[in-house]
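Engineer: I'll drop the sequence and a predicted model, then ask my questions.
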There are 4 protein chains.
Amino acid sequence: MRRRVFEVLEGGTGGPAGRLFVAFIVSLILLNVAAAMLETVRGVDARYGEALDAFGAASVGVFTAEYALRLWSCTASPRYSHPVWGRARFALTPLALVDLCAILPFYLSFLFAADLRSLRLLRLLWLSRLLKVDRYSEAFAMLWRVVCRRRDELVLTLTVGAVLLVISSTLMYFVERDAQPRAFSSIPAAMWWAVQTLTTVGYGDVYPATPLGKLLGGVVATLGVGMFALPAGILGSGLMEEIRRSREEGRVCPHCGRPLEGPSRPPPS
Amino acid sequence: MRRRVFEVLEGGTGGPAGRLFVAFIVSLILLNVAAAMLETVRGVDARYGEALDAFGAASVGVFTAEYALRLWSCTASPRYSHPVWGRARFALTPLALVDLCAILPFYLSFLFAADLRSLRLLRLLWLSRLLKVDRYSEAFAMLWRVVCRRRDELVLTLTVGAVLLVISSTLMYFVERDAQPRAFSSIPAAMWWAVQTLTTVGYGDVYPATPLGKLLGGVVATLGVGMFALPAGILGSGLMEEIRRSREEGRVCPHCGRPLEGPSRPPPS
Amino acid sequence: MRRRVFEVLEGGTGGPAGRLFVAFIVSLILLNVAAAMLETVRGVDARYGEALDAFGAASVGVFTAEYALRLWSCTASPRYSHPVWGRARFALTPLALVDLCAILPFYLSFLFAADLRSLRLLRLLWLSRLLKVDRYSEAFAMLWRVVCRRRDELVLTLTVGAVLLVISSTLMYFVERDAQPRAFSSIPAAMWWAVQTLTTVGYGDVYPATPLGKLLGGVVATLGVGMFALPAGILGSGLMEEIRRSREEGRVCPHCGRPLEGPSRPPPS
Amino acid sequence: MRRRVFEVLEGGTGGPAGRLFVAFIVSLILLNVAAAMLETVRGVDARYGEALDAFGAASVGVFTAEYALRLWSCTASPRYSHPVWGRARFALTPLALVDLCAILPFYLSFLFAADLRSLRLLRLLWLSRLLKVDRYSEAFAMLWRVVCRRRDELVLTLTVGAVLLVISSTLMYFVERDAQPRAFSSIPAAMWWAVQTLTTVGYGDVYPATPLGKLLGGVVATLGVGMFALPAGILGSGLMEEIRRSREEGRVCPHCGRPLEGPSRPPPS
């Protein structure tokens, strides 16, 4: 019985029940994040604030129960088999600490009679619990590996981009300073224009007004399309290479996110 | 005679006449879609409304005649050879039902004396009939296959993008809340800024005003160029791979959209 | 002598003199295009209008002299050796007709006492004469070949993009019609918003105002980044493949734009 | 002793001390650049101006000491071993001249009793000293090699882009001239719109207002996404190829930026 509970709570290795449990926890996290964000809207808060708070409290209860069950059942694992020291060691694993940090503030607020409302946005931190789900932790680990592998390319383009940013904002500061003393009052202010232009966002709150400034702006925008779009291409090709490699090495199953045992390709005889 | 009509109506397999018929139907659909959209312009409606309505009514007539002919001639096919049950089975195929749903509302509106004008925009649904043309159904099927094949990459980038969206809008909400209480009144409101910035659309109705907010905005815009441009690269390379594979397998002729019999490459001897 | 003049005028095959001549003609065309554009600026016209007109007239003179010299020297070529019929046939080649069309209007304007000023912008048409220079004609021919080769991919993405445009503008029309009856007065008006959003230009003259509209706008912008950036990736990879193929086949020298004789790679022995 | 000082100052070849010294100099340069930019902000200047000026003066002192030490220790190198002529030859190397030009103006300003404040922005030129650090000089050299290798592709796309710019701004000038005589007063003014649209920056200070202008604007924006994004793809793929080639040839160590001795791959036996 304890063994079965532990397997289900670990998720993914507990068969259909484990997968259902993971889906339930993920939905609960996402719904709480959505609720925490919606509560910042005045109208929503006035109408549904109490219901959303109740939902939040219920979620804290669920996560508390989950934490307690995990602590109770962890002795089923040979690594934490001792009734006291095994549980203590389990409670000090990073993932269990993340769990504790997510629920503890709500209980502390009762102790110190603090307002529960001020803790609402803390629920956004529950997003970090998604990292406990293999699928998501693997996704971020993969992106991280791609960034590490393409480090040279990314550092190179970011260096060139930073130099481009400094040069274009300095030039634009001198060109537009007299015509628009407010929008281009300083080099950091001109940098706000430059970053908008190089990334092609272009809000339109600052833009050059003089003919020379417009010429410079056109050149900077064209260079920006070339330089700031580079990282996307580099990351994209790196990502596809990494996923191909992962599939070949069988590091992760692309459908359930669990690590696989061996290579999916038959070994060359 | 009946066999010939059936082949022509099926399009593509009916020689030049069949191809001409497909081109005629496609043009009729596109013109009706354009007419339905133009009729929402007040000036156009006042001037040409009656002519466009007449054109729409004529088109309904054409599609009705086509539907009737199809029903009449389907017995030429061995699959629907029975005069009654074959026709019934043909009428219940998804593509025939799409046809029926496209023309039926116009006849029902006469029965219930409804205003034809309110049905105008229903003609936009005729776009779905394009899926009956091999060329278009194959295009969407190919895109769908690419999305399925690159599912892992797309899910990964969308997950990272969603997390980036939540984090950047939450941070910006706290940074700009006091300076711009209207534009950044809540996290969902800040999200409208974040999605504009990450996709580099930048309408300019909301943008950070404080120095810290501008710094954050610049970082988010730079990250956005990197993360939100990833799906395009992934889809693009997947699309080119898929088309190469299709050509080699002879799944579809790239010029007429019809499925081919065998591989276009000579088999290795 | 006549042979030498012909070779120089043909450009590229006339040694250093021919290359110098091509550079001179190209500069003259570009300067005239710049002059024609600058003359539309009121201030520039008032100050330098006469000087620019004089420069334009001198350029017409140069192109007239070049045309006359070409007509005189073309008999040096074996293809146009007959003094009368050879010259007539040369004058009827497309490139010679382009030359004639570029200079004739200026003489006709004198005949009919028309104002030379109204002909100024005709000089923009001289850009088409750049196609006579191998380097430029080869560049456009290469781009054209890429477009033809990637026709399927481009047609597919444009079809999907068009459908996306129709769907998103129709949905946005219904969502925003009541809140902004002017900006989203009709589906074509909503299309102006949709095309700005899908291409991520985002001028900011129209944007959704209702929460539902903003949600839809965010989804459309995200899809736009994915779909409308596809053609760039497709064209880019096609272009690089085409240039690699050209270099291997020796179709064009990458430095001077002239066709080469044989393959640059040694033939496999 | 002198030998050791020379090795440390040369950076990278002097072991951990040399690497620490390079990191110190790079930080000093970056901090001075940041200080020079921040001093253009009125509020920052009023408050921290004197402290930042003192920091700048101290940095000039550091760079002077570094220059003097370099000049003193350069005789340790066999190339500059002569006490007088060796030092003179060392002082005339480009990198030593860059050093001198960076510090000399500050001493000259004392001689001529000029205001130190007007020299503040000169510190931005110290960015060029980063080129003395192998890592940065190698990054820019690599980008330059990519641009050279992909010269044909870049020239082709820039040519097509320039033609697209001229054509779209000329057409828009004629279409919008009457409706918006101020924003589209001349072709160069329309060019400012065209460059914003083709690069998808879209500040929103100029945009078409007539239906025909909006149609043209949509087409130009779609073409712009296709054409102006091409250079990014070309540079990106070229960059990754170049870095792969560098790694294989062992031209540069990807972690410390120093040139390596031999190929990192074992030679085929």
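Structural biologist: Looks like it came in fine.

Engineer: Check which residues of the host helix or strand of A:Pro105 are buried.
Structural biologist: When elements are assigned from DSSP states H and E, A:Pro105 belongs to helix A:94-111. Going by neighbour count (16 or more other Cβ atoms under 10 Å in any protein chain shown), the buried part of helix A:94-111 is A:96, A:99, A:102-103, A:106, A:109. Every C-beta, even on glycine, is put in place using the N, C-alpha and C of the backbone.

Engineer: If we only consider those, which is nearest to A:Gln180?
Structural biologist: If you rank these by distance to A:Gln180 using Cβ to Cβ, A:Ala102 comes first, at 48.7 Å.

Engineer: what packs against whatever helix or strand A:Ala194 lives in?
Structural biologist: Using DSSP H and E, A:Ala194 sits within helix A:187-198. Contacts defined by 3 or more Cβ pairs under 8 Å, 6 or more residues apart in numbering or on different chains; DSSP states H and E place helix A:187-198 against helix A:151-176, helix A:211-228, helix B:211-228, helix D:15-38.

Engineer: Return the distance of A:Gly217 relative to A:Trp192.
Structural biologist: Distance from A:Gly217 to A:Trp192, counting by Cβ to Cβ, to the nearest Å: 14 Å.

Engineer: between the two, who's got more neighbours?
Structural biologist: Comparing A:Gly217 with A:Trp192 by other Cβ atoms under 10 Å in any protein chain shown, the one with more neighbours is A:Gly217, at 27 against 23.

Engineer: quick one: contacts for the more buried one?
Structural biologist: Applying Cβ atoms under 8 Å, 6 or more residues apart in numbering or on different chains to A:Gly217 gives the contacts A:172, A:197, A:207-208, D:195.

Engineer: got it, and A:Thr210?
Structural biologist: Residues near A:Thr210 by Cβ under 8 Å, 6+ apart: A:175-176, A:179.

Engineer: top of those by neighbour count?
Structural biologist: Busiest of the contacts of A:Thr210 [other Cβ under 10 Å] is A:Glu176, holding 26 neighbours.

Engineer: where does it land on pLDDT?
Structural biologist: Per-residue confidence at A:Glu176 stands at 94 (pLDDT).

Engineer: wouldn't it be in contact with A:Ala209 here?
Structural biologist: Yes: using Cβ atoms under 8 Å, A:Glu176 is in contact with A:Ala209, at 6.8 Å.

Engineer: Low-confidence regions, chain A specifically.
Structural biologist: A:11-14, A:113-118, A:249-269 (pLDDT under 70).

Engineer: For chain C, what's the nearest residue on it?
Structural biologist: Per Cβ to the nearest Cβ, A:Gly204 is where chain A lies closest to chain C, at 5.3 Å.

Engineer: how many neighbours does that residue have?
Structural biologist: A:Gly204 has 22 nearby residues by other Cβ under 10 Å.

Engineer: Tell me which residues touch it, please.
Structural biologist: B:202, B:204, C:203-204, D:202-205.

Engineer: can we see that at 10 Å?
Structural biologist: Residues near A:Gly204 by Cβ atoms under 10 Å, 6 or more residues apart in numbering or on different chains: A:196, B:202-205, B:207, C:202-205, D:196, D:201-205.

Engineer: of all these, which comes closest to A:Arg150?
Structural biologist: Closest approach between the contacts of A:Gly204 and A:Arg150, by Cβ to Cβ: A:Gln196, at 26.0 Å.

Engineer: quick one: the closest one from A:Ala162, how far?
Structural biologist: If you go by Cβ to Cβ, the gap between A:Gln196 and A:Ala162 works out to 16 Å.

Engineer: So A:Gln180 sits against A:Asp205, correct?
Structural biologist: No: A:Gln180 is beyond contact range of A:Asp205, at 11.5 Å (criterion: Cβ atoms under 10 Å).

Engineer: Can you pull the residues that touch both of these two?
Structural biologist: In contact with both A:Gln180 and A:Asp205: A:Trp193, using Cβ under 10 Å, 6+ apart.

Engineer: Can you tell me what sits against the helix holding A:Pro105?
Structural biologist: With Cβ under 10 Å, 6+ apart, helix A:94-111 has contacts from A:29, A:56-57, A:59-64, A:66-67, A:70-71, A:74, A:87, A:89-93, A:114-119, A:122-123, A:125-129, A:131-132, A:137.

Engineer: now it against helix A:15-38, angle please.
Structural biologist: 50 degrees (axes from the mean of the first three to the mean of the last three Cα atoms, to 10 degrees).

Engineer: how about the CA coordinates for helix A:94-111, as CSV?
Structural biologist: Provided in CSV are the C-alpha atoms of helix A:94-111 (Å, rounded to 0.1, in the frame of the first residue of the first chain):
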residue,chain,number,x,y,z
PRO,A,94,15.8,20.1,-3.1
LEU,A,95,12.4,19.1,-4.5
ALA,A,96,10.9,18.5,-1.1
LEU,A,97,12.2,21.8,0.1
VAL,A,98,10.6,23.5,-2.9
ASP,A,99,7.3,21.9,-1.8
LEU,A,100,7.7,23.1,1.7
CYS,A,101,8.6,26.7,0.7
ALA,A,102,5.4,26.8,-1.5
ILE,A,103,3.0,25.9,1.4
LEU,A,104,4.8,27.2,4.5
PRO,A,105,4.1,30.9,4.0
PHE,A,106,0.4,30.4,4.1
TYR,A,107,0.6,28.7,7.5
LEU,A,108,3.0,31.3,8.8
SER,A,109,0.5,34.0,7.8
PHE,A,110,-2.1,32.4,10.1
LEU,A,111,0.4,32.3,12.9
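
Engineer: gap between that helix and the chain center?
Structural biologist: Counting by Cα atoms, centre = their mean, to the nearest Å, helix A:94-111 is centred 20 Å from the centre of its parent chain.

Engineer: I'd like the next helix or strand past that helix.
Structural biologist: As assigned by DSSP H and E, the chain's next helix or strand after helix A:94-111 is helix A:134-149.

Engineer: now for that following helix, which elements pack on it?
Structural biologist: helix A:15-38, helix A:151-176, helix A:230-249, helix B:151-176 (3 or more Cβ pairs under 10 Å, 6 or more residues apart in numbering or on different chains; DSSP states H and E).

Engineer: contacting residues around A:Leu171?
Structural biologist: A:Leu171 is in contact with A:187, A:190, A:194, A:212-213, A:216, A:219-220, counting by Cβ under 10 Å, 6+ apart.

Engineer: what's the most distant pair in the residues you listed?
Structural biologist: Most distant of those, by Cβ to Cβ, are A:Ile187 and A:Val219, 18.2 Å apart.

Engineer: Could you check which of those two has the larger neighbour count?
Structural biologist: Set A:Ile187 next to A:Val219 and count neighbours by other Cβ under 10 Å: A:Ile187 wins out with 26 against 13.

Engineer: okay, now A:Leu124: neighbour count?
Structural biologist: Neighbour number of A:Leu124 under other Cβ under 10 Å is 16.

Engineer: Equivalent analysis for A:Gln180, please.
Structural biologist: A:Gln180: 19 neighbours (other Cβ under 10 Å).

Engineer: mind checking the SS state of it?
Structural biologist: Put simply, A:Gln180 is coil when judged by DSSP: H, G, I helix; E, B strand; the rest coil.

Engineer: and if you look at A:Asp205?
Structural biologist: A:Asp205 ends up coil, using three-state DSSP.

Engineer: for the one 4 residues further on, same thing?
Structural biologist: Of the three states, A:Ala209 takes coil under three-state DSSP.

Engineer: rewinding a little: if you rank the contacts of A:Gly204 by neighbours, which is first?
Structural biologist: Neighbour counts for these (other Cβ under 10 Å) peak at D:Val201, which has 33 neighbours.

Engineer: Which segments of chain A make up each domain?
Structural biologist: Using automatic domain parsing, the domain parsing of chain A gives A:2-136, A:137-269.

Engineer: Tally up the residues packed near A:Gly15, please.
Structural biologist: 11.

Engineer: what's the answer for the one 3 residues further on, then?
Structural biologist: Applying the criterion other Cβ under 10 Å, we find 17 residues in the vicinity of A:Gly18.
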